[in-house]
Structures are given as C-alpha cells and as structure tokens.
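1. Test case, fold it:
(chains A, B and C)
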Amino acid sequence: MCAFHPWDITLDEAIQLQRKLGSLVVMVNPESETASLKCSLIAGVDTVESSDGTAIYGGVVIWDREKEVVVEQSSARTSALFPYIPGLLAFRELPAIIRALEGLERTPHAVICDGHGLAHPRRFGLACHLGVLLNISSIGCAKNLLTGNCDQPGHERGEASPIIDGNEIIGVALRTQRGVKPVYVSIGNRVSLEEAVSIVLTCTVKYRLPEPIRMAHRLVTELRRGES
DNA sequence: GCGACAG
DNA sequence: ATCTTGTCGC
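-> As a prediction, this is how the structure comes out:
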C-alpha cells in the first residue's frame, strides 16, 4: 500500500484532499538557478491501464538531457482503485507512479508528468499532487487543455502563449517543435513556470513530447503487452 | 439546465 | 485513453 494518504476514497473526499493539499504547492525552485543548470537528470512518468481496466502500470524513466540517453528506469503494477474522472486523474494514476518512483536508485532533478499541474480547476493537478506528496520538483506537460484558455503560440519552436483562467496565468501553451500542436506546461511543485518551460524545451530534442515522457510511455505500453 | 472534460 | 490501414513525407 501507499503511504501519504488513502487512495480508495470517495469523490467528495478526493476533491477536499485537493483543496487541502493545494496550499502546499511551492511555485519556485528553492535551489539556486546555477545549481539547477548543473542538474541534467530529468525523469518522466506515465501510466497505462490493463486491457480490462482493473490494473494500472506505472513507469518512470530518467533521462540525461546533457548526454541525451536513458540512465535508469523503474516500473510497478497496482490495482486500479479509482475511476478516471477529469480533474481527479491523480487518484487513478499516482499509486502506480509513486511505486515506480520508489524503485529508483538515482534522484532526478525534476519529474515531468503526462498531465496538468496548476492548470487545473482547483489548481492541483496530478503534477502538483505528486510533487507535494514526495516533496520534489515536478512539471505538468499535458497534450490537451483541461481548464482555461489561450491563444495559439507562434509556429516556431520555443514560442509560447499564456493559459488564462479568470484573471490568473496558470500555465503556457508551448510549441516544442515547428509545425506541431503545442503542449500545455504548468507548475507542478518546486519549480517556476519559466524553469518548467526551460526543462520541457531541453527535453524535446526531436518530437512533440519530452523524451522522458515518451520513454516512460514506451515502457508501460511494453509492460502491458507482455503481461496482459 | 447546458456544455466541457488531463489520461 | 481507445477504436484502426494505409499513406504522405523525411
């Protein structure tokens, strides 16, 4: 079982938990900028369901963005205890992700998540949830918007436009490659939005999605193939 | 009430 | 997420 807090809870309890933990998000990197630049180990996490939907495969890959190679990976399989509900994704995916992370020997500088961080109705998406529970730096990198609106960013790699919800900027739409759809980057925990964007950009060498996310996706998909 | 809705 | 073959392009 996972520590931290229960995962087999009701919908109302999950929402209250998000409101409670939301105040613990740290929107800056406590480490110095110079120190963060030296850290090249970035992890990506992802999950996939078993074909019958009763199990979750979680995977994590640590990517060295300087050498551009995978240096470590870990995975886990857990029972699915919570349904997929937009806004409550963390309660379905995090148990498997956390168990996968516990299998790592190295400590990455930051973890990129396949989903939102602050760009969430209650400002507490999966990336925030993971970062707060483990007290680590985390980044949300989603393929679609959940809440808020934004203009289309310029078509060149690196161009971005803010995601606005009400009167606050909750993330950015970021063009990671020329001519591809943008990804939606937001703060998870212990990073600034600027550093989150920088990390995502340095990890998108060739494709739309950050390399650590692509590798983690590949890992869990392969696990399901061989165990279903 | 109606539409939107990460993976 | 998933249903799904070929096909256009580097």
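
2. Could you pick out the residues of chain A near DNA strand B for me?
-> A:46-47, A:49, A:84, A:86-90, A:114-116, A:120, A:125-127, A:140, A:142-146 (Cβ under 7 Å from any atom of the strand). Placement of C-beta: from N, CA and C, glycine included.

3. out of these, which are buried?
-> Buried residues within the residues of chain A next to DNA strand B, counting neighbours by 16 or more other Cβ atoms under 10 Å: A:46-47, A:49, A:87-90, A:114-116, A:120, A:125-127, A:140, A:142, A:145-146.

4. now, which of the residues you listed lie close to DNA strand C?
-> Subset of these in contact with DNA strand C: residue A:49, counting by Cβ under 7 Å from any atom of the strand.

5. Shouldn't residue A:208 be within a helix?
-> No - according to DSSP: H, G, I helix; E, B strand; the rest coil, residue A:208 belongs to no helix; its state is coil.

6. For residue A:127, see how far away the closest residue to it other than its chain neighbours is.
-> In space, and not counting its chain neighbours, residue A:208 is closest to residue A:180: 4.4 Å by Cβ to Cβ, 6 or more residues apart in numbering. Distance of residue A:180 to residue A:127, computed by Cβ to Cβ, to the nearest Å: 21 Å.

7. Which residues of chain A lie near DNA strand C?
-> Residues of chain A lying near DNA strand C (Cβ under 7 Å from any atom of the strand): A:48, A:49, A:143.

8. Residue A:200 reaches residue A:139, doesn't it?
-> Yes - counting by Cβ atoms under 8 Å, residue A:139 is a contact partner of residue A:200 at 6.6 Å.
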